[in-house]
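coords please:
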Amino acid sequence: MDYASIYRRSLSDPEGFWAEEAGALDWSKRWDRVLTYAPGKSWTWFDGATTNICGNALDRHLPTRHNQIALIHDSAYTGEITRISYRELHERVAQFAGALAARGVGMGDRVLIYMPNIPEAPIAMLACARIGAIHSVVFGGFAARELASRIADAKPRWIVAASCGLEPGKVLAYMPAVEQAIEISGHKIDGVVVLQRHQCPADLKDGRDVSWDDFVRDAKPVDCTQVPATHPLYTLYTSGTTGQPKGIVRDTGGYQVSLVWSIRNLFNIAPGEVFWTASDVGWVVGHSYMVYAPLLIGATTVLYEGKPVGTPDAGQFWRVAHRHKVVTLFTAPTAIRGIKRDDPDGKFIEATDLTSLRALFVAGERCDPATVAWASNKLCVPVIDHWWQTETGWPICGNPLGIKEMPIKPGSTAVPMPGWDVRALDPNGEEVAPGETGAIVCKLPLPPGAANTLWNAPERWQSAYLDRYPGYYATGDAGFIDEDGYVHVMTRTDDVINVAGHRLSTGAIEEVVAMHPDVAECAVVGILDQLKGQIPLGLVVLKSGTSREPTIVCDEIVRKVRDEMGAVVAFKQAIVVPRLPKTRSGKILRGTIVKIADRTDYTMPATIEDPTALTDIETALRKAGIGG
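Numbering: from 1, shown residues only. Just a heads-up that it's a prediction; the model follows:
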């Protein structure tokens, strides 16, 4: 079937469609109902069914794939490469699950995992899933106070941590943060399992801490515990606007069904192929497409410990892809922009054999057309910008390469995936015309795999996502749907600025700024203006080796925006900055930049990659006469 037929059926007959897709997996008990829906309020998938996602990811493959490599760990910091077969991964997961079970951890108990990109992280995740425990992964290095808020909310019985993480030029000890977080949270835990890394072994606290090796030494491997399809597989915290983290709850049955459909039909991955998701295991991308999806279909997944640039250079991604014969790479747009900044001519790409690579997928933040064009021209493969969120668990929109590649429109996230009924609404909740900007929403019920509540806060889920547009899930993103049905996600709704009564998308302005040949990456934010209310300000990072005077480049950018978008945009100022402040997942901290420019107080975002980047912004803004 073609995409249009598949998509239409997913909306007209969702129960029949998803029941067929669920047939690709093992269930110990078949469902009583495929979909249970209370209009506008709640929904569940595969009620009455029981299954185990670890069994589907590992045990199911043992008869045919026991010697196939399941997981490759490649560390840019240590130079070590570890390859783990399905048989070995199954043994290690079953043993760690047995060690947890022997200490009383069972169905519904929470286990918090605080680790970098090392094999023990997915092993711990899968072990929790094996016995029905709920894992909550917090990426290694997260600040103690933020870690404490997650401990206080999840109330885990055990914490599984590494002794340290590795960063460019430094070793970051984890246990001081764990120690402080436990104290701040006030929650009494059973213990901490510590994976001792030789770069910085931790001192273990008597009576509470135990090394990973001692924890599993005498453990007996255990079989899978069959859990209800609606049983939470994990909670994953995303920062809330109130400062209180939101614990997204992911179910088990619907999630595994959506992952199998998407990795086959969107990412076009077949069993036995090598799929690399260059993400932190602590983000939803790491959960869905580094750990679960590749293993569910019997593929090989790459777990990379390093950066796209600086470990050691802008060619590292391509060397890793070549070394492991990666067929599809999935990363954030900011990673590609960083590589483009340091290697604008693509010399590292030219020097690497990338014949195995079929496609590059990007998500996490809008990918500007200039970056899509650069990557597609240098790599000579399709560059697929797709869109989804922590809450959704898998892509809302994309270009389904596994069905048939559709035309690529740079700047668009292509078309909705099955089950996602995407609309663009005006402030009154009415649909806008094709091409007009509105709030992007998804008609309820959401498809399998999407969250339907928050941990310990169902009322907050209702108010944050469902009340604004009754009958729809509010994504918090703004953009438009064109006449071909392609969805263009331009910005967060908070980043739509009001210039003298005109609602403008900062993403649309960024698209024009990024087209300048000297610009590596950029951000446009709306800052206060006494006359117009808000005006846009451009911050640009120049490509490595650019010798032209920054003021000349900025003048050209201002003229280009005026010529392309008209005087109504009131774009009059762009400044060059050494780098843009970002989260560890690659999102630019536009809201914090606005607060600096508007001279309002701000707190250091817990997810920031490098706090000194904000100092650079403050200095640049002061020099330009903007902000405090």
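
got the contact list for stretch 340-350?
With contact meaning Cβ atoms under 8 Å, 6 or more residues apart in numbering, stretch 340-350 is reached by 309, 313-315, 318, 339, 371, 374-375, 378-379, 520-521, 541-545. C-beta here means a position set from N, CA and C on the backbone, and glycine is covered the same way.

Tell me the buried residues in that stretch?
340-344, 346, 348-349 (16 or more other Cβ atoms under 10 Å).

cool, stretch 205-223 as well?
209-212, 215-216, 219, 221-222.

Same question for stretch 153-172.
Those would be 153-167, 172, for stretch 153-172 by 16+ other Cβ under 10 Å.

Please apply the same query to stretch 21-39.
For stretch 21-39, by 16+ other Cβ under 10 Å, it's 21-22, 25, 27, 31, 34-36.

Check those residues and tell me the two furthest apart.
25 and 36 (19.4 Å; Cβ to Cβ).

Buried subset of the contacts of stretch 340-350 as a ChimeraX selection?
Remark: buried members of these, expressed as a ChimeraX selection using 16+ other Cβ under 10 Å:
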select :309,314,315,318,339,371,374,375,378,379,520,521,541,542,543
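
Among the contacts of stretch 340-350, which ones are in strands?
520-521, 541-542 (DSSP state E).

Tell me the one of the residues you listed nearest residue 192?
The nearest member of those to residue 192, counting by Cβ to Cβ, is residue 521 at 39.2 Å.

who's in contact with that closest one?
Neighbour list for residue 521: 334, 337-338, 340-341, 371, 514, 540-541, 580 [criterion: Cβ under 8 Å, 6+ apart].

got it, and residue 189?
Residue 189 makes contact with 151, 156-159, 182, 208, according to Cβ under 8 Å, 6+ apart.

Looks to me like it is in a strand.
No: under DSSP: H, G, I helix; E, B strand; the rest coil, residue 189 sits outside any strand and is assigned coil.

ok, back up a step: adding distance to residue 266, secondary structure and pLDDT as columns, could you present the contacts of residue 189 in a markdown table?
A markdown table is the format used below for the contacts of residue 189 (distance: Cβ to Cβ, whole Å; DSSP: H, G, I helix; E, B strand; the rest coil; pLDDT from 0 to 100):
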| residue | distance to residue 266 | secondary structure | pLDDT |
| --- | --- | --- | --- |
| 151 | 35 | helix | 97 |
| 156 | 33 | coil | 98 |
| 157 | 36 | coil | 98 |
| 158 | 35 | strand | 98 |
| 159 | 34 | strand | 98 |
| 182 | 40 | helix | 97 |
| 208 | 44 | coil | 96 |
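
Next, name the residue at the spatial heart of the chain.
Centroid check for the chain by Cα atoms, centre = their mean gives residue 285 as the closest residue, at 3.8 Å.

related to what we said a few turns ago, please flag which of the buried residues of stretch 205-223 sit within strands.
Reading strands off the buried residues of stretch 205-223 with DSSP E, I get 209-211.

Which parts of the chain belong to which domain?
3-306+386-479, 500-623 (automatic domain parsing).

Got the phi and psi for the residue nearest to residue 397 when sequence neighbours are not counted?
Among residues not flanking residue 397 along the chain, residue 413 sits closest, at 4.2 Å (Cβ to Cβ, 6 or more residues apart in numbering). With angles defined as degrees, to the nearest 10, residue 413 sits at phi -90, psi 20.

cool, and residue 72?
The phi and psi values for residue 72, taken as degrees, to the nearest 10, are phi -110, psi 120.

got it, and residue 307?
phi -120, psi 160.

Return the residues in contact with the nearest residue to it once chain neighbours are set aside.
Among residues not flanking residue 307 along the chain, residue 168 sits closest, at 6.5 Å (Cβ to Cβ, 6+ apart). Going by Cβ under 8 Å, 6+ apart, residue 168 touches 77, 307, 310-311.

if we take these, which one ends up nearest to residue 493?
residue 307 (30.9 Å).

Which residues are in contact with the closest one?
76, 168, 316 are the contacts of residue 307 under Cβ under 8 Å, 6+ apart.

And for residue 493, the neighbour number?
The number of residues packed near residue 493 is 15, by other Cβ atoms under 10 Å.

separation between it and residue 472?
Computed as Cβ to Cβ, to the nearest Å, the residue 493 to residue 472 distance reads 13 Å.

ok, so of the contacts of residue 307, who is nearest residue 418?
Among these, and counting by Cβ to Cβ, the member closest to residue 418 is residue 316, at 35.4 Å.

picking up where we left off before, got the contact list for the residue nearest to the residue nearest to the centre of the chain when sequence neighbours are not counted?
In this structure, residue 285 finds its nearest non-sequential neighbour in residue 279, 4.0 Å apart by Cβ to Cβ, 6+ apart. Shown in contact with residue 279 (Cβ under 8 Å, 6+ apart): 285-286, 289-290, 330-332, 585.

Assign residue 279 to helix, strand or coil.
Secondary structure assignment for residue 279 (three-state DSSP): coil.

hang on, the earlier thing: okay, who's weakest in the contacts of residue 307 by pLDDT?
Among these, residue 168 has the lowest pLDDT, at 90.

if I look at that residue, how far off is residue 615?
Per Cβ to Cβ, residue 168 is found 18 Å from residue 615.

Which of the contacts of residue 279 fall within helices?
Taking DSSP state H, the ones among those that sit in helices are residue 285.

how about the helices of the stretch 151-300 of the chain, start to end?
Shown for the stretch 151-300 of the chain, the helices assigned by DSSP state H, counting those that start in this stretch span residues 175-185, 212-216, 253-265, 284-285, 293-296.

So which helix or strand of this protein has the lowest pLDDT on average?
Least confident helix or strand of the chain, by mean pLDDT, DSSP states H and E, is strand 502-505 with a mean of 73.

what's the most distant pair in the contacts of residue 168?
77 and 310 (11.1 Å).

Of those two, which one has the most company?
The residue with more neighbours, out of residue 77 and residue 310, is residue 77; 18 against 14, by other Cβ under 10 Å.

The most far-flung residue of the chain relative to its centre and residue 499, how far apart?
No residue in the chain sits farther from the centre than residue 531, which is 38.8 Å out by Cα atoms, centre = their mean. Plainly put, residue 531 is 10 Å away from residue 499 if you go by Cβ to Cβ.

hmm, back to that, out of the domains of the chain, indicate the one that is most buried.
Comparing those by mean neighbour count (mean count of other Cβ atoms under 10 Å), domain 3-306+386-479 comes out on top with a mean of 20.

Ends of that one, what's the gap?
Across its full length, domain 3-306+386-479 reaches 23 Å between end residues, using Cα to Cα, to the nearest Å.

Kindly report the same for stretch 44-53.
17 Å.

can you list the residues that contact that stretch?
Against stretch 44-53 from outside (Cβ under 8 Å, 6+ apart): 18, 22, 25-36, 129-130, 132, 224-230, 233, 251-257, 292, 296, 448, 452.

That one: how far from the chain's middle?
25 Å (Cα atoms, centre = their mean, to the nearest Å).

So, low pLDDT: which residues of the chain?
Low-confidence segments of the chain, defined by pLDDT under 70: 239-243, 500-503, 627-628.
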